[in-house]
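Novice: Have a look; sequence and predicted model below, questions after that.
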Amino acid sequence: MSTITEKLIKKAERDPRNMYGRDAYSIDLKDYDIAQSALFHTNTFWSFFDRMRKEAPVHFCPDSMENGPYWSVTKYKDIMEVESRPDLYSSEDGGVSIRRRMEKVDRPSFISMDEPEHGKQRIAVQGVVAPSNLAVLEPIIRERCASILDSLPLNETFNWVDKVSIELTTQMLATLFDFPFEERSKLTYWSDIATSNPDIDGMVSSDEERERILWEECLPAFTKLWNERVNAEPSFDLISMLAHGENTRNMDPATFLGNLTLLIVGGNDTTRNSISGSVLALNEFPDQYDKLRANPDLVTTLVPEIIRWQTPLTHMARTALVDTTLGGKQINKGDRVVMWYVSGNRDEEMIDQPYEFIIDRKKPRQHLSFGFGIHRCMGNRLAEMQLRVIWEEILKRFDKIEVVGTPERNKSTFIKGFSNLPVRLHPVNK
């Protein structure tokens, strides 16, 4: 157990509101505070969400350990209702993660904007994931997947997260930004910094240090690229699109940095953790791995099941603009409302056998991992394509990717993923 993990768990256990290590039914529902980092780092939150969906699907926590007061929305249909009503629930007033309101962060991005400004800024970069551009990107992704997989060590244990998941998504990010390829590791670093929590993960010592790194390292690097692209002909990379976009070319530095960190995190964390999660899921459900090996065409339905199963972003938050009701509960203007996608994706009323990993589901895209409505993930088809291509290439080379140790999970309540997944490769017998 790492030093950070020990500190995290000891800190949780000292607080009377701690839920880590406790039975879901040993705590009164009125005392539930589901957004505790120790629960997510240890992957022990599931039974609490199960009880909430049954007994308190819209639940109020008046005084949380880490995040202030908030409502938890845990059922699929209720989450869809919040997503569908941007007129009632704002992304702009308080940001979109449960921690955002507790931080002094001045990095507005289009995901934390309401209409009409949200749509104006989002449309500037949406072309990068247009079907025509995805068709151009697919052979690039396939070539890079092949190169990464062919470079992996055989007959030894290694960290899949580092060697494959991070490397592939970082290479893809560098391509989307047309960022200097030899410096691409900076993108992963800045992504991790942007989502770091100084109280939890140990990456930075304070919120101020995190912001200093982004403002003094990330922003100048991208400003240099912006200045080069704004004076050149428009091209099909994200910086050029922002520099030439009618609604984004006059962005102030704070908004530019906000949109950068959004695009970096969105293009990095979600896909990288789904790639890692897919390997773990197929090891936990070996019958499904057998089914996939017997019929590689099932990759098509495997991909959305991976994304549902992993749910790489656990939640998104909104702030009520007016007094309203949700699930029979009174929500007051200014209340924080957290949509727990990770719970909605295990809702038995909407998803058959939600705790089973089933690679040939009848409705594989019935999940909440990409969100819904105006803020639905812009890069969803790119993420699916990367997962499809990596698994098509894996199946050509390896009979099995065997998980040989305990995965180490993120310490975040926002990004559900892995820092270490020890594996050994079993090549296909030719």
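Specialist: Looks like it came in fine. Numbering: from 1, shown residues only.

Novice: Do a quick rundown of the strands in the stretch 251-400 of the chain.
Specialist: 315-320, 324-326, 329-331, 336-340, 398-403 (DSSP state E, counting those that start in this stretch).

Novice: want to throw these into CSV with mean pLDDT?
Specialist: Shown next, in CSV, are these (pLDDT from 0 to 100):
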stretch, mean pLDDT
strand 315-320, 93
strand 324-326, 98
strand 329-331, 98
strand 336-340, 96
strand 398-403, 97
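
Novice: Could you double-check that residue 400 lies in contact with residue 290?
Specialist: No. Applying CB atoms under 8 Å, one finds residue 400 not in contact with residue 290, separated by 9.8 Å. (Each C-beta comes from the backbone N, C-alpha and C, glycine too.)

Novice: if we can go back for a sec, which of the strands of the stretch 251-400 of the chain is buried the deepest?
Specialist: Mean neighbour count (mean count of other CB atoms under 10 Å) peaks for strand 336-340 among the strands of the stretch 251-400 of the chain, with a mean of 26.

Novice: What is it packed up against?
Specialist: Counting contacts by 3 or more CB pairs under 8 Å, 6 or more residues apart in numbering; DSSP states H and E, strand 336-340 is packed against strand 70-73, helix 76-83, strand 315-320.

Novice: Would you mind reformatting the ones you listed (as CSV) and adding columns for distance to residue 155 while you're at it?
Specialist: Converted to CSV, those look like this (distance: least, CB to CB, whole Å):
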stretch, distance to residue 155
strand 70-73, 47
helix 76-83, 44
strand 315-320, 41
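
Novice: Nearest approach to residue 16 belongs to which of those?
Specialist: Ranking the helices and strands packed on strand 336-340 by proximity to residue 16 (CB to CB) places strand 70-73 first, at 18.5 Å.

Novice: list residues touching both of residue 400 and residue 290?
Specialist: Common contacts of residue 400 and residue 290 (CB atoms under 8 Å, 6 or more residues apart in numbering): none found.

Novice: Number of residues surrounding residue 314?
Specialist: By other CB atoms under 10 Å, 26 other residues sit near residue 314.

Novice: Tell me which of the helices and strands packed on strand 336-340 lies nearest to residue 235.
Specialist: strand 315-320 (31.5 Å).

Novice: what lines up beside that closest one in the sheet?
Specialist: strand 89-90 (antiparallel), strand 336-340 (antiparallel) (DSSP bridges).

Novice: So for whichever strand or helix holds residue 141, what gets flagged as buried?
Specialist: Using DSSP states H and E, residue 141 maps to helix 131-150. Buried residues in helix 131-150, defined by neighbour count with 16 or more other CB atoms under 10 Å: 134, 137, 141, 142, 144, 145, 148, 149.

Novice: Relative to residue 323, which of those residues is nearest.
Specialist: For those, the nearest to residue 323 is residue 134 (42.9 Å; CB to CB).

Novice: Surely the closest one is in contact with residue 382?
Specialist: Yes. Between residue 134 and residue 382 there is a contact at 6.3 Å, judged by CB under 8 Å.

Novice: Just give the nearest non-adjacent residue to residue 282, would you?
Specialist: In space, residue 282 comes closest to residue 289 once its chain neighbours are excluded; the distance is 4.2 Å by CB to CB, 6 or more residues apart in numbering.

Novice: I figured that neighbour was touching residue 400, is that so?
Specialist: Yes. Between residue 289 and residue 400 there is a contact under CB under 8 Å: 6.9 Å.
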